[in-house]
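Colleague: Sequence and predicted structure, then a few things I'm wondering about:
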Amino acid sequence: MLVSPAILRELATVLRDILHFEEADIVARLKLAAKVAEIVSPTITLRTIAEDPTDDRILECAVAGGADLIVSGDRHLRKLKSFRNIGIVQPSDFLRTLG
C-alpha cells in the first residue's frame, strides 16, 4: 500500500471537514496510515483528471511508488481503467480476486 504526503493531507481534510472527526482521531488515523503504508514523495505533477484534479495525486503516488494496481471507488479514476500500465479496479473487484 502506498500513500503520499498529499494523500495524507487530503485524508485529514476529509476526516475533518466531511466526516467531522475529532482532531485526536484524525491524528491517530494518519499515524496508522503512515505506519502500514509505504510513504512515497512523487516528483512529477500530473494533470490527467480535469473533473477532479485532486485525483491526480493518486496517480502521482502510484507512478512514484511503482504500483501494480490502484484500488479505488472514485468514478474519475475508475473511468480510466488503467494509467501507465497500472490497472485501476473497484474495491469489490479487488476483494473478489483475493477470494
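Modeller: Received, thanks.

Colleague: for the chain, which helix is longest?
Modeller: If you go by DSSP state H, the chain has its longest helix at helix 23-36.

Colleague: Can you give the distance of that helix from its chain's centre?
Modeller: On the basis of Cα atoms, centre = their mean, to the nearest Å, helix 23-36 sits 15 Å off its chain's mean C-alpha point.

Colleague: in that helix, what counts as buried?
Modeller: For helix 23-36, the neighbour count (16 or more other Cβ atoms under 10 Å) marks 26, 30, 33 as buried. C-beta: built from backbone N, CA, C; applies to glycine.

Colleague: Next: stretch 92-99.
Modeller: Within stretch 92-99, judged by 16+ other Cβ under 10 Å, no residue is buried.

Colleague: Equivalent analysis for stretch 53-70, please.
Modeller: For stretch 53-70, by 16+ other Cβ under 10 Å, it's 55-63, 65, 67, 70.

Colleague: Please apply the same query to stretch 7-24.
Modeller: By neighbour count on 16+ other Cβ under 10 Å, the buried set for stretch 7-24 is 7-8, 10, 12, 15, 21.

Colleague: just checking, which of the residues you listed belong to helices?
Modeller: 7-8, 10, 12.

Colleague: can you redo these as CSV with pLDDT?
Modeller: Formatted as CSV, these follow (pLDDT from 0 to 100):
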residue, pLDDT
Ile7, 96
Leu8, 97
Glu10, 94
Ala12, 97
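
Colleague: Closest one to Pro42 out of these, please.
Modeller: For these, the minimum distance to Pro42 (Cβ to Cβ) is 9.8 Å, reached by Ile7.

Colleague: dump the residue contacts of the closest one.
Modeller: Ile7 makes contact with 57-58, 61, according to Cβ atoms under 8 Å, 6 or more residues apart in numbering.

Colleague: quick one: it from Ala28, how far?
Modeller: Separation of Ile7 from Ala28 (Cβ to Cβ, to the nearest Å): 17 Å.

Colleague: give me the element the residue nearest to the spatial centre of the chain is part of.
Modeller: Compute the mean C-alpha point of the chain, and by Cα atoms, centre = their mean the closest residue is Ile58, 4.4 Å away. Taking DSSP states H and E as the criterion, Ile58 maps to helix 56-65.
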